[in-house]
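1. sequence plus the predicted model coming up.
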Amino acid sequence: MRVLVVGGTGPTGPHVVRGLLERGHDTTIFHRGAHEPPELAGVEHIHGDPHFRASIDDALGSRRFDLVIAMYGRLRHLAAALAGRCGRVVGISGVPIYRGYFPGDGCGHLPVPVTEDHPVADDASAGPAARFSLRLAEAEKALFTHHPEATVLRFPMLYGPNNARPHEWSVVRRVRDGRRHMILPDGGLQIHTRCAARNAAAFVLAAIDRPDSAAGQVYNCGDPANWSLREWAETIVRLLGADLEMVAVPGEIAVEAATTLLPLGGTTAAHCVLSTEKARRELGYRPAVDPIEALEDVLAWYETQPDFDAAAYPSFTDRFDYETEDALIAEYRAGVRRAASAVRQRPAAPVHSMPHPRTPGTVDHRGR
């Protein structure tokens, strides 16, 4: 089968390409040429910008493919450009498509978990974030309009070597720098489904392997474990064998931590927990790697990068302003002490819920 992978050079693409080659498919990748992973040197490359229709047309010319995996670029332009030149399309979308992903979009809160049946954004009047969601919905609609038998995979936050946003670096660098503490907005209790790059690729390959089941369907993707931000950070610290105190500070005070550690600058719903049951049931999806092992792989990759430079990743925004962090922690703790002493409170004693009578036929000391 002749397969075109649009993108393919990020954290997930090489795993997808490897899976295609192992299945014996004639594989080509189409990308901008900004990154040339050495492991993809043996496949054909087409260079062009998949964000623009003219560039897509120029790059692909009259070529046809049996399958296109659209992992990068603008899906709405790719959908139209690929009409009539491929047998099937698997498109990658994202979870911000769901109503309620952005608070204030007028659509209430996300359920836990979020299934593929949850409504997608359909109103652009609620602000810029809602318009972003609407563009994703319009892209998926365009894909199914031009390719009714297409498959859409909705990715959450990804992690893995060479990810566009190296989330782990916020923790890894603080450990390297010998920091004693790290601020977590609202205690890091926010839960957002993440997906290891290898597992994200496994979703793509599962959809390819079961074309009849996947035709015309949408699937959530994500790891089997849903860590809170705190659990994720503490797991990294534990795997590094380090000691880093996580300091809980309200998000409205911990502005920098909230906007650097939380998805999309802390503008999203507090929790986005995805159900992947549909992919397991219909596609036979199974994780390619345990999340802990995947995180170990990422940390091992950082070990090979002693001079890792986050400046090479424009999406990464942590400034590592330790002076400000220390000042904020000191001020917050002082404020907590002032508030605790300013208001007299009477702590309630712990009470067991069930009655405990001392003799038959009587009530206990609480009248129960």
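-> Right, received. Where do you want to start? Numbering: from 1, shown residues only.
2. can you pull the pLDDT of His109?
-> Predicted confidence (pLDDT) at His109: the value is 79.
3. same question for Asp364.
-> If you check Asp364, the pLDDT there is 88.
4. give the contact list for it.
-> 355-358 (C-beta atoms under 8 Å, 6 or more residues apart in numbering). C-beta coordinates here come from the backbone N, C-alpha and C atoms, glycine included.
5. quick check: phi and psi on it?
-> Main-chain torsions, Asp364, degrees, to the nearest 10: phi -90, psi -170.
6. over to Leu184?
-> phi -120, psi 120.
7. wait, doesn't it sit right on Ala248?
-> Yes. Using C-beta atoms under 8 Å, Leu184 is in contact with Ala248, at 5.9 Å.
8. and those two? Which one has more around it.
-> Leu184 (24 against 15; other C-beta atoms under 10 Å).
9. please name the residues that touch that one.
-> By C-beta under 8 Å, 6+ apart, the neighbours of Leu184 are 229-230, 233, 246-249, 254, 257, 261.
10. and with 10 Å instead?
-> 190, 228-230, 233-234, 246-249, 251, 254, 257-258, 261-262 (C-beta atoms under 10 Å, 6 or more residues apart in numbering).
11. in ChimeraX, how would I select just the buried ones from these?
-> Command for ChimeraX that selects the buried part of the contacts of Leu184, burial taken from 16 or more other C-beta atoms under 10 Å:
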select :190,228,229,230,233,234,246,247,249,251,254,257,258,261,262
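12. nearest to Asp58, of the contacts of Leu184?
-> Leu262 (39.2 Å; C-beta to C-beta).
13. so how far is Ala327 from the closest one?
-> 21 Å (C-beta to C-beta, to the nearest Å).
14. and the longest helix along the chain, what does it pack onto?
-> Across the chain, the longest stretch assigned as helix under DSSP state H is helix 322-342. Applying 3 or more C-beta pairs under 10 Å, 6 or more residues apart in numbering; DSSP states H and E, one finds that helix 322-342 contacts strand 181-185, strand 245-249, helix 255-261.
15. rerun that using 8 Å as the cut-off
-> Using 3 or more C-beta pairs under 8 Å, 6 or more residues apart in numbering; DSSP states H and E, the elements in contact with helix 322-342 are strand 181-185, strand 245-249.
16. so which residues of this protein form strands?
-> Per DSSP state E, the chain carries strands over the ranges 2-6, 26-31, 44-47, 65-70, 86-94, 151-155, 157-159, 181-185, 191-192, 194-196, 218-220, 245-249, 271-272.
17. any chance of those strands in TSV, plus mean pLDDT and distance to Ala54?
-> Converted to TSV, these look like this (pLDDT from 0 to 100; distance: least, C-beta to C-beta, whole Å):
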stretch	mean pLDDT	distance to Ala54
strand 2-6	98	16
strand 26-31	97	14
strand 44-47	96	14
strand 65-70	98	17
strand 86-94	97	19
strand 151-155	98	25
strand 157-159	97	29
strand 181-185	98	43
strand 191-192	97	36
strand 194-196	98	33
strand 218-220	98	29
strand 245-249	98	49
strand 271-272	96	35
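18. winner for burial among these?
-> Burial of the strands of the chain is given as mean neighbour count (mean count of other C-beta atoms under 10 Å); strand 194-196 ranks first at a mean of 26.
19. surely Glu140 and Gly91 touch.
-> Yes. Glu140 lies in contact with Gly91 (C-beta under 8 Å); the separation is 7.2 Å.
20. which residues are in contact with each of the two?
-> 75, 152.
21. in JSON lines: the helices and strands packed on helix 322-342, plus distance to Leu21.
-> What follows is the helices and strands packed on helix 322-342, written out as JSON lines (distance: least, C-beta to C-beta, whole Å):
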{"stretch": "strand 181-185", "distance to Leu21": "41"}
{"stretch": "strand 245-249", "distance to Leu21": "42"}
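22. any idea which of these gets closest to Val273?
-> strand 181-185 (18.3 Å).
23. now the angle from the closest one to helix 322-342?
-> Counting by axes from the mean of the first three to the mean of the last three C-alpha atoms, to 10 degrees, strand 181-185 lies at 70 degrees to helix 322-342.
24. so how far is strand 181-185 from its chain's centroid?
-> 20 Å (C-alpha atoms, centre = their mean, to the nearest Å).
25. centre of the chain to stretch 132-139, how far?
-> The answer for stretch 132-139 is 17 Å, by C-alpha atoms, centre = their mean.
26. buried sites along that stretch?
-> Result for stretch 132-139 [16+ other C-beta under 10 Å]: buried residues 132-139.
27. tell me the mean pLDDT over it?
-> The model assigns stretch 132-139 a mean pLDDT of 93.
28. any idea how far Glu303 is from Glu116?
-> As judged by C-beta to C-beta, Glu303 and Glu116 stand 38 Å apart.
29. could I get the phi/psi values of Asn226?
-> Dihedral angles for Asn226 - degrees, to the nearest 10 - are phi -110, psi 100.
30. tell me the pLDDT of it.
-> 95.
31. could you do Ser125 as well?
-> 65.
32. the closest residue in space to Arg165 that isn't next to it in sequence and Pro96: what is the separation?
-> Nearest residue to Arg165, sequence neighbours excluded (C-beta to C-beta, 6 or more residues apart in numbering): Ser315, at 4.2 Å. Using C-beta to C-beta, we find Ser315 at a distance of 15 Å from Pro96.
33. higher neighbour count, those two?
-> Using other C-beta under 10 Å as the criterion, Ser315 and Pro96 rank with Pro96 on top: 24 against 10.
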